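> everything below, folded, please.
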Amino acid sequence: MSQDKQLTPPTANISMWLLLLDIVGMALVVFAGYEIYLINEKNSGVLVEHFSWPHYPWIIMGIGVLLMIPFHKQVFSLFRQVKQYQKELAKKNRPDF
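Now for the predicted structure:
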């Protein structure tokens with residue numbers, strides 16, 4: 001019988017490097033948002049004198065989001081594994097009539 005096999009729960013193997021990248025990405029997104037606020041409300045910014053293109057905060061924000069993607073892919077993959085484990089466990093524990 002194939003139902004006698006032992007199910008093992010998925011392990012959380014989240015990479016610390018990807019978590020660090022996620023934190024850096026979040027910091028870049030927050031910084032870019034603050035920079036957009038300064039440019040629009042106060043007509044100045046932290047990096048305005050270094051960049052002549054007025055839309056540079058959007059590039060910084062995009063880079064921040066790109067840095068956050070690998071960590072979130074790993075978390076969503078783990079979520080799918082847990083859902084699959086729960087489905088198999090429910091199938092295994094279902095009574096036979």
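
> tell me the SS of the residue nearest the centre of the chain?
In the chain, the centroid-proximal residue (C-alpha atoms, centre = their mean) is His72; its distance is 2.7 Å. Three states are possible here, and by DSSP: H, G, I helix; E, B strand; the rest coil the one that applies to His72 is helix.

> that one reaches Asp22, doesn't it?
Yes. Using C-beta atoms under 8 Å as the test, His72 is close enough to Asp22 to be in contact (7.3 Å). Every residue, glycine included, has its C-beta placed from N, CA and C.

> where in this protein is pLDDT low?
Across the chain, the ranges flagged by pLDDT under 70 are 1-5.

> for it, what spans make up the helices?
Taking DSSP state H as the criterion, the chain contains helices spanning 16-37, 56-93.

> okay, the ones you listed in JSON lines with distance to His50 next?
Shown next, in JSON lines, are these (distance: least, C-beta to C-beta, whole Å):
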{"stretch": "helix 16-37", "distance to His50": "11"}
{"stretch": "helix 56-93", "distance to His50": "9"}
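
> so which of these gets nearest Ser44?
Using C-beta to C-beta as the measure, helix 16-37 is the one of the helices of the chain that comes nearest Ser44, at 10.0 Å.

> need the contact partners of the closest one.
Among residues not part of helix 16-37, those counted as contacts by C-beta atoms under 8 Å, 6 or more residues apart in numbering are 45-47, 56-58, 60-61, 63-68, 70-72, 74.

> nothing else from me, thank you.
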